[in-house]
Each structure stands twice: as structure tokens, then as C-alpha cells.
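K.L.:
Starting from these lines, generate the structure:
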Amino acid sequence: MQKLNPGDIAPQTGCYNVIDGNGKVLDTVTVKKGNRMPPTQSSDYYYEFANC
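P.N.:
As a prediction, the model looks like this:
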């Protein structure tokens, strides 16, 4: 699955899980295609597309 970092452009509209450095899902955000991914609380967090 594609990992997206804060500030990356969302490739599609939908829900994205916030994943910590250990692979644990911390939260889910909704982002529209073409918008930037929001900031996270830590630099080692990233986003993955989620089915919601």
C-alpha cells in the first residue's frame, strides 16, 4: 500500500489512516483528491488509504 507523508498530495478522495512508526493505526482523516495531507503529531507518522 502507498505510504503518504504529511504535505503530500492525496491521489484520490477518501479516508486515510494515520499510522505510527510501529505500524499502529492512530486515527483516520478524510482528504479530497488534490489536497495536501494534513500535518501529523510526529515526523515518523504517515498515511495509508483506508476503505471506509
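
K.L.:
Now do the strands in the chain.
P.N.:
14-19, 25-31, 46-50 (DSSP state E).

K.L.:
The closest residue to Cys52 other than its chain neighbours bridge partners, please.
P.N.:
Leaving aside its chain neighbours, Cys52 sits nearest to Cys15 (3.7 Å; criterion: CB to CB, 6 or more residues apart in numbering). (Glycine included, C-beta is placed from N, CA and C.) For Cys15, the beta-bridge partners are Thr30, Ala50 (DSSP bridges).

K.L.:
does Asp8 really touch Pro38, like I thought?
P.N.:
No. When contacts are counted by CB atoms under 8 Å, Asp8 is not listed as touching Pro38 (10.4 Å).

K.L.:
what's the neighbour count on Tyr46?
P.N.:
20 (other CB atoms under 10 Å).

K.L.:
Enumerate every residue touching it.
P.N.:
By CB atoms under 8 Å, 6 or more residues apart in numbering, Tyr46 lies in contact with Lys3, Leu4, Asn5, Val18, Ile19, Thr40.
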